[in-house]
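Visitor: Give me the fold of what follows.
(chains A and B)
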2 protein chains.
Amino acid sequence: MKGRKHIVLTFVLSVFVFFAVSVAANAADDGIKGYFKALPLIAENPANPVTAEKVELGMLLYLDPRLSKSGFISCNTCHNLSRGGVDNLPTSIGHGWHIGPRNAPTVFNAAILKTQFWDGRAEDVEEQAKGPILNPGEMAATEKLVLKRLSSIPEYRKSFKKAFPDEKKPLNYDNVANAIGAFERTLLTPSRFDEYLLGDEDALTPREKRGLDTFISKGCVGCHNGVGIGGASLQRFDYGTDQGRFEVTKNEADRKVFRVPTLRNIELTYPYFHDGSVWSLKEAVRIMGEKQLGLKLKKKEVADITVFLKALSGQMPEMTIPQLPPSTLRTPRPDVSQVGK
Amino acid sequence: MKGRKHIVLTFVLSVFVFFAVSVAANAADDGIKGYFKALPLIAENPANPVTAEKVELGMLLYLDPRLSKSGFISCNTCHNLSRGGVDNLPTSIGHGWHIGPRNAPTVFNAAILKTQFWDGRAEDVEEQAKGPILNPGEMAATEKLVLKRLSSIPEYRKSFKKAFPDEKKPLNYDNVANAIGAFERTLLTPSRFDEYLLGDEDALTPREKRGLDTFISKGCVGCHNGVGIGGASLQRFDYGTDQGRFEVTKNEADRKVFRVPTLRNIELTYPYFHDGSVWSLKEAVRIMGEKQLGLKLKKKEVADITVFLKALSGQMPEMTIPQLPPSTLRTPRPDVSQVGK
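Guide: A predicted model of the protein is given here:
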């Protein structure tokens, strides 16, 4: 249970860095500042305030494969904390080696985005967390199974009580999501670009600044803006056969509409696009220019933009590998069977 | 790459504790000391000396799913550092959701055992590490694929050079195993029983001491002895259809012969036996008494032994979640296909 201490320590250090940078002369161009926003320290949600107890519990749940039917797949399997918050597969593998339809979005900075999932079908990370656990092609569990597993483990019962002290029955599925969500709200990765936005002109190299200028002048910033440099809107992207948000709303206007992904840590979150079909960041930039902006970007422009995008790789929060509490004889056992096969 | 710092810190602290305990009056019964041995700080192997550089690299490799064909399975998938070094499944899941034939032994303290695998077919953790990576039902990779993946990543090329500075071609399959082995040689979990062996009479409760006495007087100690409290010999265990070491040697004397498992952290490494068929530690103790000792242990004896066994749960090394270096465009891509299906 030492993971939390490190997160708290990281917070304290971050606060220092934040103020140190804030008081420095703010030299960043106001035009640029209008498009973007530096990362906060924590992505707060008034409906689910971040507390150390929730974060500690949420980290355990995030790493616990017992949230899946098989006892083999955890949130971390597809949103790997050691791999930029993704699995680096075109599309993810789920229960029974089911190959999913879409590329796993990163968990890092997910909490600052306006919507969740490629089709924006969840409002926040708390709502998002509930999905994959129950999806038959992902973790394939049921609410009942998850709650039965967790309530059979005394350490979890205690942790839920501590994390949700005012609730009569704290161990419920909403709170599983609230704890995981609170943990994810700490998974922010401040980058050199944030230092630049906060006024440190030297935080970016001349070439990165040129890339940023190209990123803005060519119009990428039209969708990739705000604190997430993406993630604030849904846009049509006519690429492949996936119908995007239409699958959720059945509204014609939503055909092939997808959430604009965050570009933070984009260097780590390959392969790209909702189908994970593109492995080269430069190629992804080129395709975006062509499909979304109707531009044939020059090789040099693509290269400059790509150099800028790599400056969005941030500092990962330092976390200690936690120890999961053991099951008891009352814990429902793993079920690796593949129904329907 | 901060994982290493913590391991080194843990070493330093352990040295302190070790000496503090060593100089204390050695009050443990000499008879007991004859059966067992306290854990060393590191499980050294003169053929593969443990260095910080190897441990750091080995931890990355241990957690890296790119050592598997699919890019989905790492050493840690079945030997989970958050779960007592196992997957808590009866038998493990491998490439293509293949359900393996045997229960995953724990990685914690594995390096101090005389042989590796349930059938003792590997001599040490270095030799062991090479097996599952290539097993078609586990990680399903080839040496060539692993080396192509790792050499395509500049950070790995650099780390192999640093870890094996005297070698002309340091990035080879032997050194993949040497680095993983060196990391595993640090995964030791000193317990209260070690403090007891080192002279602290109060490290065990009266009931745990009674359990230890029963453990010795009933004969469990005949196989579960030494520094691993198991793991020093192979024994016949006529349980289920698995032919054990016979499958390797085709020698009749090896029929149903298995390596005696370590009992360190046994509370965490359920389910029990080579087929993972028994979930209750008490039931496992009862069956062992019946099958291996020809004894019908009394309920109270089983309970006392179990209480003692729980005192073998040790302190897990503190490790920071590391960041794996990203792939490049030259890195062979994940292959999730299931050949033969």
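
Visitor: switch to C-alpha atoms for all contacts and neighbour counts from now on
Guide: Will do.

Visitor: Pop out the phi and psi values for the most centrally placed residue in chain A.
Guide: The geometric centre of chain A, computed from its C-alpha atoms, lies nearest to A:Val107 (C-alpha atoms, centre = their mean), at 2.3 Å. The phi and psi values for A:Val107, taken as degrees, to the nearest 10, are phi -80, psi -20.

Visitor: And it, how far from chain B?
Guide: Distance, A:Val107 to chain B, by C-alpha to the nearest C-alpha, to the nearest Å: 14 Å.

Visitor: what's the answer for A:Pro271, then?
Guide: 10 Å.

Visitor: What sits closest to that residue if chain neighbours are left out?
Guide: Excluding the flanking residues, the one nearest A:Pro271 by C-alpha to C-alpha, 6 or more residues apart in numbering or on different chains is A:Trp279, at 4.4 Å.

Visitor: Might one say that the one you found is in contact with A:Thr269?
Guide: No - A:Trp279 is beyond contact range of A:Thr269, at 9.6 Å (criterion: C-alpha atoms under 8 Å).

Visitor: between those two, who's got more neighbours?
Guide: Using other C-alpha atoms under 10 Å in any protein chain shown, the more surrounded residue of A:Trp279 and A:Thr269 is A:Thr269, with 24 against 20.

Visitor: Close to chain B: what parts of chain A are there?
Guide: Within reach of chain B by C-alpha under 8 Å from any C-alpha of the partner chain, chain A has these residues: A:71-72, A:81-84, A:87-89, A:93, A:96-97, A:267-268, A:279-280, A:318-326, A:329, A:334.

Visitor: Taking those residues, please make a ChimeraX selection of just the buried ones.
Guide: If you want just the buried ones from those in ChimeraX, going by 16 or more other C-alpha atoms under 10 Å in any protein chain shown, the selection is:
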select /A:71,72,81,82,83,84,87,88,89,93,96,97,267,268,279,318,319,320,321,322,323,324,325,326,334
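
Visitor: contacting residues around the residue nearest to the centre of chain A?
Guide: A:Val107 makes contacts with A:His79, A:Gly84, A:Gly85, A:Val86, A:Glu184, A:Leu187, as judged by C-alpha atoms under 8 Å, 6 or more residues apart in numbering or on different chains.

Visitor: Same question for A:Pro334.
Guide: A:Arg66, A:Lys69, A:Ser70, A:Gly71, A:Phe72, B:Leu89.

Visitor: biggest separation within those residues, which pair?
Guide: Using C-alpha to C-alpha, the contacts of A:Pro334 span at most 11.8 Å, a distance reached by A:Lys69 and B:Leu89.

Visitor: The residues of chain A next to chain B in strands, which ones?
Guide: Using DSSP state E, A:Ile93 are the members of the residues of chain A next to chain B that sit in strands.

Visitor: so what's the residue in the stretch 51-200 of chain A that chain B sits nearest to closest to, chain neighbours aside?
Guide: Nearest residue of the stretch 51-200 of chain A to chain B, counting by C-alpha to the nearest C-alpha: A:Ser82, 4.4 Å away. Nearest residue to A:Ser82, sequence neighbours excluded (C-alpha to C-alpha, 6+ apart): B:Gln323, at 4.4 Å.

Visitor: can you tell me which residues contact that neighbour?
Guide: So B:Gln323 contacts A:Leu81, A:Ser82, A:Arg83, A:Gly84, B:Met1, B:Leu60 (C-alpha under 8 Å, 6+ apart).

Visitor: For it, give its distance to A:Glu318.
Guide: Counting by C-alpha to C-alpha, to the nearest Å, the gap from B:Gln323 to A:Glu318 is 10 Å.

Visitor: Give the closest residue to A:Val248 in space, chain neighbours not counted.
Guide: Leaving aside its sequence neighbours, A:Val248 sits nearest to A:Arg121 (C-alpha to C-alpha, 6+ apart; 7.1 Å).

Visitor: Just the pLDDT at that neighbour, thanks.
Guide: Note for A:Arg121: predicted pLDDT of 97.

Visitor: who are the neighbours in contact with it?
Guide: Residues in contact with A:Arg121 (C-alpha under 8 Å, 6+ apart) are A:Thr115, A:Arg245, A:Val248.

Visitor: Burial check on A:Leu295, number of neighbours?
Guide: Look at A:Leu295: counted by other C-alpha under 10 Å, it has 14 neighbours.

Visitor: which residue sits closest to it, ignoring its sequence neighbours?
Guide: In this structure, A:Leu295 finds its nearest non-sequential neighbour in A:Gly289, 5.1 Å apart by C-alpha to C-alpha, 6+ apart.

Visitor: so that neighbour makes contact with A:Leu297?
Guide: Yes - between A:Gly289 and A:Leu297 there is a contact at 6.2 Å, judged by C-alpha under 8 Å.

Visitor: give the contact list for whichever residue of the stretch 151-300 of chain A sits closest to chain B.
Guide: Nearest residue of the stretch 151-300 of chain A to chain B, counting by C-alpha to the nearest C-alpha: A:Leu268, 6.0 Å away. Applying C-alpha under 8 Å, 6+ apart to A:Leu268 gives the contacts A:Arg83, A:Gly84, A:Ser313, B:Pro326.

Visitor: try it again with 10 Å
Guide: By C-alpha atoms under 10 Å, 6 or more residues apart in numbering or on different chains, A:Leu268 lies in contact with A:83-88, A:106, A:281, A:310, A:313, B:324-327.

Visitor: In helices, which of these fall?
Guide: Counting by DSSP state H, these place A:Leu281, A:Lys310 in helices.

Visitor: tell me which of the contacts of A:Leu268 is nearest to B:Asn178?
Guide: Nearest to B:Asn178 among these is B:Leu324, at 18.5 Å by C-alpha to C-alpha.

Visitor: OK, contacts around that closest one?
Guide: Residues near B:Leu324 by C-alpha under 10 Å, 6+ apart: A:81-84, A:268, B:1, B:59-61, B:63-65, B:155-156.

Visitor: and stretch A:323-341, what's its mean pLDDT?
Guide: Taken as a whole, stretch A:323-341 carries a mean pLDDT of 90.

Visitor: then it to CSV, C-alphas only?
Guide: In CSV, the C-alpha atoms belonging to stretch A:323-341 read as follows (Å, rounded to 0.1, in the frame of the first residue of the first chain):
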residue,chain,number,x,y,z
GLN,A,323,0.5,-5.7,-3.1
LEU,A,324,-3.1,-6.9,-3.8
PRO,A,325,-4.9,-8.4,-0.9
PRO,A,326,-5.3,-12.2,-1.2
SER,A,327,-8.6,-13.9,-1.9
THR,A,328,-10.4,-15.9,0.7
LEU,A,329,-12.2,-19.2,0.5
ARG,A,330,-15.4,-17.2,-0.1
THR,A,331,-14.0,-15.4,-3.1
PRO,A,332,-15.7,-16.5,-6.4
ARG,A,333,-13.0,-18.3,-8.3
PRO,A,334,-11.6,-17.3,-11.7
ASP,A,335,-13.7,-18.5,-14.7
VAL,A,336,-11.6,-18.8,-17.8
SER,A,337,-14.3,-20.5,-19.9
GLN,A,338,-15.3,-19.1,-23.2
VAL,A,339,-19.1,-19.2,-23.4
GLY,A,340,-20.4,-19.6,-26.9
LYS,A,341,-17.1,-21.1,-28.3
